[in-house]
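Trainee: pasting the sequence and the predicted coordinates here, then a few questions.
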There are 2 protein chains.
Amino acid sequence: VSDLAATSRRLAGLGLRRTTLLVDRRRAVANIDRFAARARSSGVVLRPHFKTHQSAGVAAWFRAAGIDRATVSSVGQAAYFADHGWDDLTLAMPANPREVADYAALAARVRLGLLVDHERTVDALASGLDRPVRVWIDIDPGYGRTGVGWHDGERLVAIARRVTATAQLEYAGLLTHAGQSYAARSANAAAAVFDVVRQRLRSARATLVAAGLPGGRLSAGDTPGFAATVDWSGLDEARPGNFVFYDLMQLVAGICTASDLACAVACPVVGVYPHRREAVVHAGAVHLSRECLAHGGQAEYGRLLALADDGFGNLLPGWSLTGLSQEHGILTAQGEPATAQLAALAPGDLVLVAPVHACLTCEQFGSYRTVEGDELLRFRRA
Amino acid sequence: VSDLAATSRRLAGLGLRRTTLLVDRRRAVANIDRFAARARSSGVVLRPHFKTHQSAGVAAWFRAAGIDRATVSSVGQAAYFADHGWDDLTLAMPANPREVADYAALAARVRLGLLVDHERTVDALASGLDRPVRVWIDIDPGYGRTGVGWHDGERLVAIARRVTATAQLEYAGLLTHAGQSYAARSANAAAAVFDVVRQRLRSARATLVAAGLPGGRLSAGDTPGFAATVDWSGLDEARPGNFVFYDLMQLVAGICTASDLACAVACPVVGVYPHRREAVVHAGAVHLSRECLAHGGQAEYGRLLALADDGFGNLLPGWSLTGLSQEHGILTAQGEPATAQLAALAPGDLVLVAPVHACLTCEQFGSYRTVEGDELLRFRRA
């Protein structure tokens, strides 16, 4: 029996009949434990980004590893985790002046951290918050998304003066997302980004101190940099998120191994087309997201994983999701043994697709199934 | 006051403070009415695909235009619309043998149509259904996704014999999705695809009739082909879906005009970076989907629309969403007046983003807001 056929039988044995998000708890817990140990040995607080999983059930695995604070990216996520006992949350998007009343309501329930990089936002928080809230200055470490440029001393000092002069705002420090590490194509390249960004954060803090301002703490968060670096010291806080599940994007970048992949989508086969060396599964962009790996002109939207008796197994060689529309995915078989396995495939079989970008794939579902058969609910935006 | 500033004020006037899916009812109704009229004059039944909007509220606008049957792509969608009074539904994915009990439950509530292209599926339906269900043979019209090849007479006859020999299966006809029309770069090119596919369907039917089998009805559905073709006659049924909202993909392909765009996402600005000619909005892949238009090496994830007093306005020249991460979107201003408008932009302003692919963007939300302020709920997968 091929791994493909055995996987189909095991997925059917879980009672699955349609497209379902699966998580391998043991793998996720191992990923969490590895990062928690590294944070401890580096003397850095791990404040994982929960936007990846958005599930109180998964969050409980972090709690079991001694983690008691988290990062989120919206008011809705913050309220959800507050409802589930998380009382120290950083909302790692630049604050939105229109949501100040929501921040005030959250701050009455949890120790809340917010981000600013603009005077207008500082002023809106100052006038709309009725109790002290922790505020980080968002730093652009050369990624070019949000934040004050790490080297833009004039602007940095101006924002920091405004924050520190405002009674309701507790200045926390400098926070960054080194998103450029996602473009690294090796662990060494990601580690090099980590070193550069850590140095840039320290340099920005030195600018504040030289201006007579408090330097504050340094917070950074991106899975590639933190996964590729053993010693995080020099930072105060780490906010990676994706590492709990990893995905094909991290795999091809050399950031994780296939045995770290902890979430995948079980999909029914609905069509088999051996003359094209293809099958079609009921799993499209609405399940997996449109995120893809580009190989020259060919896009890849997922690969097949085996399901073993005790959890996820290896990637199945030769199988790749090469096309994706709204609800359909096209599976292509390359070489042996995949083409032989394809010949035995039929509608109603089930396959397990490892996603390209776990954060976006998980966002498409309302719950996870564990390989033990439990259901873990997820937060969903209204 | 610029259109950008007026749009922000109007969106704020709707009480919006965070990322929200908006629909312009009048535009959507005009799009529906245009297609309903064309179906009537062509003598073709319009059975629109509701996967685009997945909302009972939007479905009611179709009902008002005299449409009383629909297409869906999952058991969940079918059950949702059945709950809202739609009693004639085609599930336009090849049937999944693992969901036969779900089909049987649906068939007890609505007149149900299913798709087959494989013997295994026919047999599963035959043994699992306890009452007659309409069955279409899925035809691949040269797109290469699902279906029996339109020119594969041997296989077509074999499947049709199996269907027509099964008492519980009411043979309905041949159904296709001409997905290749989405690659057309002009209305003329899409119309040419339509003509070819209509001819291929008729040829496949002639093959069945020549073999002494019933020919059945012909059903096709893709927005570009049907939007680009005035006379749909020769087909029996039309199943396009996207036309209710259209999107930038259809706009750049010449299939619709900017004044047809009927859904968009209101987003708060959270960062402004004039030295990069960029702003950042709280709208990422989790709101808009990762679908993009490719212009050489540059990807585009959305454009800005104006909001007028009575609904959506024009596209705002020079504004484009050029970057997208999980929760952030990067807005770029090119030329005047966009760069001048950028200088006046601040966190807390609101912009209205026309999506690249409406079906995928709408999937990311639990409800629509109309420009009149009503809320329309949407189906969500568990």
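Mentor: Okay, I see it.

Trainee: quick one, strands of the stretch 201-350 of chain A?
Mentor: A:217-220, A:237-238, A:263-273, A:278-281, A:293-295, A:298-300, A:302-308, A:311-324, A:329-333, A:350-355 (DSSP state E, counting those that start in this stretch).

Trainee: which residues touch residue A:44?
Mentor: A:232, A:233, A:235, A:236, A:237, A:238 (C-beta atoms under 8 Å, 6 or more residues apart in numbering or on different chains). Heads up, the C-betas are built off the backbone N, CA and C, glycines and all.

Trainee: got a ChimeraX select line for the buried ones in those residues?
Mentor: Buried residues among the contacts of residue A:44 (16 or more other C-beta atoms under 10 Å in any protein chain shown), as a ChimeraX selection:
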select /A:232,235,236,237,238
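
Trainee: can you pull the contacts of residue A:32?
Mentor: Residue A:32 neighbours (C-beta under 8 Å, 6+ apart): A:48, A:61, A:62, A:65, A:67, A:243, A:244.

Trainee: please list which of the residues you listed are also close to chain B.
Mentor: By C-beta under 8 Å from any C-beta of the partner chain, no member of the contacts of residue A:32 lies near chain B.

Trainee: what would those look like in a markdown table with distance to residue B:75?
Mentor: Listed next are the contacts of residue A:32 as a markdown table, based on distance: C-beta to C-beta, whole Å:
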| residue | distance to residue B:75 |
| --- | --- |
| A:48 | 35 |
| A:61 | 31 |
| A:62 | 34 |
| A:65 | 38 |
| A:67 | 38 |
| A:243 | 35 |
| A:244 | 31 |
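
Trainee: quick one: closest of the strands of the stretch 201-350 of chain A to chain B.
Mentor: Closest to chain B of the strands of the stretch 201-350 of chain A is strand A:263-273 (C-beta to the nearest C-beta; 4.2 Å).

Trainee: for the residue nearest to residue A:332 when sequence neighbours are not counted, give its distance to residue A:330.
Mentor: Nearest non-adjacent residue to residue A:332, counting by C-beta to C-beta, 6 or more residues apart in numbering or on different chains: residue A:322, 4.4 Å away. Separation of residue A:322 from residue A:330 (C-beta to C-beta, to the nearest Å): 6 Å.

Trainee: when these two are compared, which one has more neighbours?
Mentor: residue A:330 (22 against 18; other C-beta atoms under 10 Å in any protein chain shown).

Trainee: show me what from the stretch 51-200 of chain A comes close to chain B.
Mentor: Residues of the stretch 51-200 of chain A lying near chain B (C-beta under 8 Å from any C-beta): A:51, A:73-75, A:93-99, A:102, A:117-118, A:120-121, A:124, A:138, A:144-147, A:179.

Trainee: need the contact list for the residue in the stretch 51-200 of chain A that chain B sits nearest to.
Mentor: Minimum separation of the stretch 51-200 of chain A from chain B (C-beta to the nearest C-beta) falls at residue A:97, amounting to 3.2 Å. Residue A:97 makes contact with A:120, A:121, A:124, A:125, A:128, B:347, B:348, according to C-beta under 8 Å, 6+ apart.

Trainee: and the nearest residue to the fifth one once chain neighbours are set aside, how many neighbours does it have?
Mentor: Right, residue A:128. In space, and not counting its chain neighbours, residue A:128 is closest to residue A:100: 3.4 Å by C-beta to C-beta, 6+ apart. When neighbours are defined as other C-beta under 10 Å, residue A:100 has 21 of them.

Trainee: again with residue A:146
Mentor: For residue A:146, the count of nearby residues is 26 (other C-beta under 10 Å).

Trainee: same thing with residue A:180?
Mentor: Residue A:180 has 20 nearby residues by other C-beta under 10 Å.

Trainee: most distant residue from the centre of chain A?
Mentor: residue A:275 (38.3 Å; C-alpha atoms, centre = their mean).

Trainee: for residue B:196, see how far away that one is.
Mentor: Counting by C-beta to C-beta, the gap from residue A:275 to residue B:196 is 21 Å.

Trainee: one more: residue A:77?
Mentor: Distance of residue A:77 to residue B:196, given as C-beta to C-beta: 48 Å.

Trainee: so which of the two has more stuff around it?
Mentor: residue A:77 (21 against 17).

Trainee: got the phi/psi numbers for that one?
Mentor: In terms of degrees, to the nearest 10, the main-chain angles of residue A:77 are phi -60, psi -40.

Trainee: the one 3 residues further on too?
Mentor: In this entry, residue A:80 is assigned phi and psi values of phi -60, psi -50 (degrees, to the nearest 10).

Trainee: could you do residue A:165 as well?
Mentor: Dihedral pair for residue A:165: phi -90, psi 0, per degrees, to the nearest 10.

Trainee: and it, how far from residue A:133?
Mentor: Shown here: residue A:165 relative to residue A:133, a distance of 15 Å by C-beta to C-beta.

Trainee: give me the more crowded residue out of those two.
Mentor: residue A:133 (22 against 11).

Trainee: the more buried one against residue A:114, yeah?
Mentor: Yes. The pair residue A:133 / residue A:114 is scored as a contact, 5.8 Å apart, by C-beta atoms under 8 Å.

Trainee: so what sits against both of the two?
Mentor: Joint contacts of residue A:133 and residue A:114 (C-beta under 8 Å, 6+ apart) are A:103, A:125.

Trainee: tell me the confidence at the residue nearest in space to the middle of chain A?
Mentor: Closest residue to the average C-alpha location of chain A: residue A:242 at 3.0 Å, with C-alpha atoms, centre = their mean. On pLDDT, residue A:242 comes in at 98.

Trainee: contact partners for it?
Mentor: Counting by C-beta under 8 Å, 6+ apart, residue A:242 touches A:49, A:52, A:223, A:250, A:358, A:359.

Trainee: my guess is the third one meets residue A:241, correct?
Mentor: When you say that, I think you mean residue A:223. Yes. Applying C-beta under 8 Å, one finds residue A:223 in contact with residue A:241, separated by 6.7 Å.
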